[in-house]
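*Asks:* quick one: sequence and predicted model below, then my questions.
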Amino acid sequence: MLGVSFYIERKAKKAISKWGLEKEYKSLNKTQRFNRNTFAFLFLFVGFALFFYLGITYFSGYLLNIKTNA
């Protein structure tokens with residue numbers, strides 16, 4: 001498991017340096033960094049909430065179908 005973690009970390013570091021994200025992030029001021037981090041958190045949270053909502057919606061309909069057909 002630890003080997004997989006090191007492999008993923010190495011790949012992520014290569015991608016960050018390849019895309020130039022580290023230089024871009026360091027060039028931002030404190031307010032811009034806060035805005036970017038807030039946007040990323042909201043994007044992640046909304047994605048998770050949508051995934052959860054659609055999962056509940058799908059499985060509730062699926063479970064109701066099983067009960068009515070049984």
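*Replies:* Sure, I can see it. Numbering: from 1, shown residues only.

*Asks:* so the residue most central in space within the chain is in which element?
*Replies:* The centroid of the chain falls nearest to residue 44 when counting by CA atoms, centre = their mean (4.7 Å). Assigned by DSSP states H and E, residue 44 belongs to helix 30-69.

*Asks:* who's in contact with stretch 7-25?
*Replies:* 33, 36 (CB atoms under 8 Å, 6 or more residues apart in numbering). (Each C-beta comes from the backbone N, C-alpha and C, glycine too.)

*Asks:* please list all residues in contact with residue 43.
*Replies:* Here residue 43 is in contact with no residue (CB under 8 Å, 6+ apart).

*Asks:* CA atoms only: put the helix or strand bottoming out on mean pLDDT in the chain into PDB for me.
*Replies:* Lowest on mean pLDDT, DSSP states H and E among the helices and strands of the chain sits helix 21-26, with a mean of 76. The C-alpha trace of helix 21-26 is given here as PDB (Å, rounded to 0.1, in the frame of the first residue of the first chain):
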ATOM      1  CA  LEU A  21       1.000  24.800 -11.700                       C
ATOM      2  CA  GLU A  22       3.500  25.400  -8.900                       C
ATOM      3  CA  LYS A  23       4.900  28.600 -10.500                       C
ATOM      4  CA  GLU A  24       1.400  29.800 -11.300                       C
ATOM      5  CA  TYR A  25       0.200  29.200  -7.700                       C
ATOM      6  CA  LYS A  26       3.300  30.900  -6.200                       C
END
